[in-house]
Each structure stands twice: as C-alpha cells, then as structure tokens.
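Visitor: no sequence on hand, only this structure:
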C-alpha cells in the first residue's frame, strides 16, 4: 500500500504466524491497517501481496493503454478517464463479491451463459487491431488475446471467459 494510506481507511496488511502470536499483537497491528490473517505459512502474506499487485499493476497498465488509445484519436484524457474508472469499480457488480466466482473456479465450472471465450477473444482481437491502427503499443492487448487464443485452441471456446483460469493454471 502507498505510504499515505498506512493507517487510513481501506488499508490492510497480510500476516502469518502462529494464531496465538497474531491474536496477541492484532490490536497494535490494526494501527497500520486491517490485519488479514492467512495462517501459519510464512510465504502466504508475500504471495497475497504479489497477487494483489498483479491485479493492481495490470489494471493501471490497461487504464493507461486505453487512455493512450483514446487520446490518439484526439480526445483529451480528461474527457475519458472519469468515465472509464466506472469500468473498474463496476467489476464487483459484474462478478459479485468473488465468492461465487471462487466456487465456480474451484469446481471447474465455466458455463458459457455470459461471455464465452470466443466472444471475449474476438473483443481482444478488436482491441489489438485498434491499437495497431492507432499506433499504440499492442503488447498488453496481445497478451490478453493470447489467453483467449489458447482457450479457443483447446476447444473451450463456448465456455465462459472464466475458463482462462484453467489455461493460466496449466502454464502452457
């Protein structure tokens, strides 16, 4: 978390330790941010931190990529950024609080009832094409498109976009 957020609303820190030690120090740790206990595995706090940064950094890169795409068409960033931030904040509206998504991922359930890998792959392809035509670096959307291409090549094109989880886990 950035230094100015330490101790403020929304701040949190991941911890692992024997539960009794954590419980003893939890009131003091709370002054830094909400303590989130992950069990005794000493590697989990760093792993969770890196995973959160994975989402954060990718979101920031995509935000800047999208802004570059729009400003290449002569639109001021100020006309674009306030509205596009809703896309980020609306994600919980689209996928819920994460519990149902987690359940589906853990169960390997990827029904193609919302957005299929084929549909999302076509969308990713449009973003690559638009980026290239606008002279904007297409590497980020190409990376996203590559995941959908893998799902399609694996014959999972009619499953939900969440099938990418299986593709990413396989590491191919």
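Guide: Arrived safely. Nothing here was measured: the structure is a model prediction, and the numbers come from that model.

Visitor: the residue nearest to residue 162 when sequence neighbours are not counted and residue 143: what is the separation?
Guide: Of all residues not flanking residue 162 in the chain, residue 110 sits nearest, at 4.9 Å (C-beta to C-beta, 6 or more residues apart in numbering). No exception for glycine: its C-beta is placed from N, CA and C like everyone else's. From residue 110 across to residue 143, the span is 21 Å (C-beta to C-beta, to the nearest Å).

Visitor: who's more crowded, those two?
Guide: residue 110 (21 against 13; other C-beta atoms under 10 Å).

Visitor: surely that one is in a helix?
Guide: No. Counting by DSSP: H, G, I helix; E, B strand; the rest coil, residue 110 is not part of a helix but coil.

Visitor: hmm, back to that, mind checking how far the residue nearest to residue 162 is from residue 170?
Guide: 14 Å.

Visitor: just residue 151 next, same as before
Guide: 10 Å.

Visitor: likewise for residue 121?
Guide: 17 Å.

Visitor: of these two, which one has the most company?
Guide: residue 121 (22 against 9).

Visitor: show me where pLDDT drops low in the chain?
Guide: Residues of the chain that meet the criterion pLDDT under 70 lie in 1.

Visitor: at 80 what do you get?
Guide: Along the chain, segments meeting pLDDT under 80 span 1-2, 113-114, 172.

Visitor: next one: phi and psi at residue 156?
Guide: Dihedral pair for residue 156: phi -110, psi 30, per degrees, to the nearest 10.

Visitor: give me the number of neighbouring residues for it.
Guide: Quick note: residue 156 (other C-beta under 10 Å) scores 20 neighbours.

Visitor: my guess is it contacts residue 116, does it?
Guide: No. Between residue 156 and residue 116 there is no contact under C-beta atoms under 8 Å: 9.1 Å.

Visitor: what about the residue sitting nearest the centre point of the chain, helix or strand, and which?
Guide: In the chain, the residue lying closest to the centroid (C-alpha atoms, centre = their mean) is residue 55, at 3.7 Å. Secondary structure from DSSP states H and E places residue 55 in helix 44-71.

Visitor: next SSE after the helix or strand containing residue 94?
Guide: Secondary structure assignment for residue 94, by DSSP H and E: helix 91-95. Sequence-wise, the next helix or strand downstream of helix 91-95 (DSSP H and E) is helix 99-107.
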